[in-house]
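>>> Below are the sequence and a predicted model for it; my questions follow.
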Amino acid sequence: MATTKTTVDRLRAFVGQSVTLEGWVYKTRGSGKIVFLIVRDGTGLCQCVVEKNDETASFFETAKKLSQESSLEVTGDVLADERSVGGFELKVSHVRVVQSAADYPITPKPHGIDFLMKHRHLWFRSHRQWHILRVRATVVDQIRRFFNDDGYVLIDTPIFAPAACEGSQTLFQVDYFGDPVYLAQTGQLYLEAACMSHRKVYCFGPTFRAEKSKTRRHLTEFWMVEPEIAYASLSDVIDVSEAFICSIVERVLRDNKDDLVALGRNLDELCAVQKPFVRMTYSEAADILRGPKAKELLERDLEEKTARIGELDAKIDELDATAKGGGKQWQKDKASAEAIDCREERSELEEQVRNIPHHLELAANFEWGSDLGGSDETIISRLHDRPVAVTHYPKAVKAFYMREDRNDDRLAECFDLLAPQGFGEIIGGSAREEDLDRLVARMKHENLPIEDYEWYLDLRRYGSVPHGGFGLGVERTVAWICGLKHIRETIPYARMMGKFYP
RNA sequence: UCCCCGAUAGCUCAAUUGGCAGAGCGAGCGGCUGUUAACCGCUAGGUCGUAGGUUCGAGUCCUACUCGGGGAGCCA
């Protein structure tokens, strides 16, 4: 029997030939004398059809009883068939079971998030997760490629850090041969040193924050890429972030369009991510929040969401009636499953509706001097169809190393980049204070232990120059690009407050 | 740390509002040659999160705790 080993993504080249696939059973459907095996092999899905006849007699019963996620080698002729997922199918001539799986926990039916997170090691195999992590891999590759192709030198910064860079209450403390050290929450200060050697540098690795926040935008361990550039102004740094974000979006649209479509992402919204991004100062953002546009947006939201809740109520009643009435069992089943989805959407909307008056109040009473809250960021980003850079925050709410605005000493030369459609902050960056006296004064004001930062201050003593950089959160970026509401699915093994298994 | 919601079969959810704990999926057995979350019949599967309390009677009401979800603060 002449046969070639191949993978699902290459079937097109083998139509009319016999091939062998190595994979796992994703789903099965059977009838008396025909079995459909949907096999996944890591590169895609392929329907394998086993018909009962003399040729298949030796393994037909085995194939019929194959359980979900059993591993197997399957051999057969490749046919083009539109009825099949992916457009090709295998007319099976041989099946070898590698291992028979029993009682695979994740079924094709819906599961709760807690259950799925506890089965993350298996959840990977589900189609949606497979698409998301493929997008992540492209994003990570493009991050490295963008900087490597533009003359940046990769500097690996330490994960064990001796002291706080930004604030010690959010650090994980580790016992280091009897001394307390902390898991790094940024490599920035180390990068500032390196950029005085290489001019353009970046670091890329995991970052740890012990923030006690349980929200859709937080992880305790996440990946961050941080470029740092010597002789750069704030405006230069924002230019880099623009080109950087555009290159990532463009690359994903080029290489992962199928994944995005499978995830239901609106591609037009991604295509609209083009230079130049919107730039506004913190003060302008504050005016917008207090102004009529923000109010209109939230009031329209309130109307639309209330109306949607009404629609859902009606739909739920209708579905419940279907589920309890006559008709086919599968129709009733489908109706009750849909009703569950509708209830979930309704309770989410109800929470949002409850929060809108509060958000209205926060926005309307926004006071110059406080940081933008999550709801404030959402308002600003939803008013634009491309990313928004909010610049020049009050320096009091920002980190000590940010450069003081020489025209207005209340301000820091910093920016946050907000992703559109309400996804919120994906980048935070700034020009760094290069003046020794200003920096020391600021550190004293914040009661930072100057002696621990002597090495950092040396950078201002020996050839200090204007410089700056930013940090981009990989998971938030992937969530935005994939259109996911929660970032926990964008990292292979999410670490969140109270969660570290598996 | 604070606010809201939840916990019932392996999984997803019901239980007529205090009166005999149920359905689908999954599992097992049987049937069906083109299925797309297939379908049809049968079988097994439960200390209703934990501990107290109210009551003739508690899955349902009250209190505390544990765990989970969502949000606030903080942040990428």
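Looks like it arrived, so ask away.
>>> helices and strands of chain A: which one bottoms out on pLDDT?
None of the helices or strands of chain A scores lower by mean pLDDT, DSSP states H and E than helix A:329-364, at a mean of 75.
>>> Now that helix: buried residues?
The neighbour-count check on helix A:329-364 (16 or more other C-beta atoms under 10 Å) flags A:332, A:335, A:338-339, A:342, A:346, A:349, A:353, A:356, A:359-360, A:362-363 as buried. (Glycine included, C-beta is placed from N, CA and C.)
>>> One more: stretch A:207-225?
A:207-209, A:217-225.
>>> can you list those in a markdown table and add distance to residue A:231, pLDDT and secondary structure?
As requested, these are arranged in a markdown table below (distance: C-beta to C-beta, whole Å; pLDDT from 0 to 100; DSSP: H, G, I helix; E, B strand; the rest coil):
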| residue | distance to residue A:231 | pLDDT | secondary structure |
| --- | --- | --- | --- |
| A:207 | 26 | 92 | strand |
| A:208 | 31 | 90 | strand |
| A:209 | 30 | 88 | coil |
| A:217 | 33 | 88 | coil |
| A:218 | 35 | 88 | coil |
| A:219 | 34 | 91 | coil |
| A:220 | 35 | 90 | coil |
| A:221 | 33 | 92 | strand |
| A:222 | 30 | 93 | strand |
| A:223 | 28 | 95 | strand |
| A:224 | 23 | 95 | strand |
| A:225 | 21 | 96 | strand |
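>>> Tell me the one of the residues you listed nearest residue A:267?
Each of the buried residues of stretch A:207-225 was checked against residue A:267 using C-beta to C-beta; the closest is residue A:217, at 23.3 Å.
>>> ok, which stretches of the stretch 101-250 of chain A are strands?
Taking DSSP state E, counting those that start in this stretch as the test, the strands found in the stretch 101-250 of chain A are A:153-154, A:160-161, A:173-176, A:179-183, A:200-208, A:221-230.
>>> so how far is the last one off the chain centroid?
To tie it back to what came earlier, the one meant is strand A:221-230. Relative to its chain's centre, strand A:221-230 lies at 16 Å (C-alpha atoms, centre = their mean, to the nearest Å).
>>> Just the CA atoms of that strand, as CSV, please.
What follows is strand A:221-230, C-alpha atoms only, in CSV (Å, rounded to 0.1, in the frame of the first residue of the first chain):
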residue,chain,number,x,y,z
GLU,A,221,2.2,36.9,35.3
PHE,A,222,2.2,38.5,31.9
TRP,A,223,4.5,39.2,29.0
MET,A,224,5.7,42.6,28.3
VAL,A,225,8.0,44.1,25.6
GLU,A,226,9.8,47.3,26.4
PRO,A,227,11.9,49.3,23.9
GLU,A,228,14.1,52.1,25.2
ILE,A,229,15.7,54.6,22.9
ALA,A,230,18.5,57.1,23.5
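>>> That one: partners in the sheet, and parallel or antiparallel?
Partner strands for strand A:221-230, per DSSP bridges, with pairing direction: strand A:200-208 (antiparallel), strand A:467-473 (antiparallel).
>>> Please list the outside residues in contact with the longest one.
Outside strand A:200-208, the residues within contact range by C-beta atoms under 8 Å, 6 or more residues apart in numbering are A:143-144, A:147, A:150-157, A:159, A:171-172, A:183-187, A:190-191, A:194-195, A:220-230.
>>> hang on, the earlier thing: quick check: which of the strands of the stretch 101-250 of chain A is nearest to residue A:476?
strand A:221-230 (8.1 Å).
>>> Can you confirm whether that closest one lies near RNA strand B?
Yes - judged by C-beta under 7 Å from any atom of the strand, strand A:221-230 and RNA strand B are in contact via A:222, A:224.
>>> List the contacts of whichever residue of the stretch 401-502 of chain A sits closest to RNA strand B.
Per C-beta to the nearest atom of the strand, the residue of the stretch 401-502 of chain A with the smallest distance to RNA strand B is residue A:473, at 3.1 Å. By C-beta under 8 Å, 6+ apart, residue A:473 lies in contact with A:222-224, A:426-427.
>>> Can I take it that residue A:73 is in a strand?
Yes - when the secondary structure is assigned by DSSP: H, G, I helix; E, B strand; the rest coil, residue A:73 falls within a strand.
>>> Quick one: neighbours of it, just the number.
Other residues within reach of residue A:73, judged by other C-beta atoms under 10 Å, total 15.
>>> separation between it and RNA strand B?
Residue A:73 sits 21 Å away from RNA strand B, going by C-beta to the nearest atom of the strand, to the nearest Å.
>>> My guess is that residue contacts residue A:92. True?
No - in this structure residue A:73 lies outside contact range of residue A:92 using C-beta atoms under 8 Å: 10.8 Å.
>>> pLDDT below threshold where in chain A?
Low-confidence segments of chain A, defined by pLDDT under 70, span residues A:1-2, A:163-169, A:320-337.
>>> show me the residues around the nearest residue to residue A:261 once chain neighbours are set aside that make contact.
The shortest distance from residue A:261 to any residue that is not its chain neighbour, by C-beta to C-beta, 6 or more residues apart in numbering, is 7.3 Å, and that residue is residue A:267. Neighbour list for residue A:267: A:253, A:257, A:260-261 [criterion: C-beta under 8 Å, 6+ apart].
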